[in-house]
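*Asks:* quick one, structure for this:
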Amino acid sequence: MYKIQTNITGSREMFITDEHLQTIKERSLFKDLVGSTGIVNEDVLDKLKLMVRSLMEAEPESHDLINFSHEVLYNDNMKAHGLNQLLQLYQNWIQTKDEIEENIEQEPE
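*Replies:* Residues are numbered from 1 along each chain as shown. From the prediction side, this is the model:
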């Protein structure tokens, strides 16, 4: 479980699980989310919410999206700063996961 800061002052936080990060990866939720400027603002958060909502309408029984939506995306603490922190956490998680998989592949049998 990971803790992210959801506002600039640090007075609000949110806990992110590996399952949340796996949902982001499997559903490619962050693909082409942030524009060429790299700025994460409320519009980007709204874009993600709309994308997840449309995926949930297409697959109403998708428990991973329901959990992600309820616990992360529509959490009262989630704001643009929190999404930016989540994007950074996700990038670090992917990089760490790739490094672990490389080390496992390189181990002699």
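*Asks:* could you pull up phi and psi at the closest residue to Q85 other than its chain neighbours?
*Replies:* For Q85, ignoring the flanking residues on the chain, the nearest one in space by Cβ to Cβ, 6 or more residues apart in numbering is I4 at 4.1 Å. To be clear about C-beta, it is placed using only N, CA and C from the backbone, and glycine gets the same treatment. The main-chain torsion angles of I4 are listed as degrees, to the nearest 10 and equal phi -120, psi 150.
*Asks:* give me the buried stretch members for the lowest-mean-pLDDT helix or strand in the chain, please.
*Replies:* In the chain, the helix or strand scored least confidently by mean pLDDT, DSSP states H and E is helix 80-106, which has a mean of 86. Buried residues in helix 80-106, counted by 16 or more other Cβ atoms under 10 Å: A80, H81, G82, L83, N84, Q85, L86, L87, L89, Y90, W93.
*Asks:* try stretch 64-83
*Replies:* Result for stretch 64-83 [16+ other Cβ under 10 Å]: buried residues L65, F68, S69, E71, V72, L73, M78, K79, A80, H81, G82, L83.
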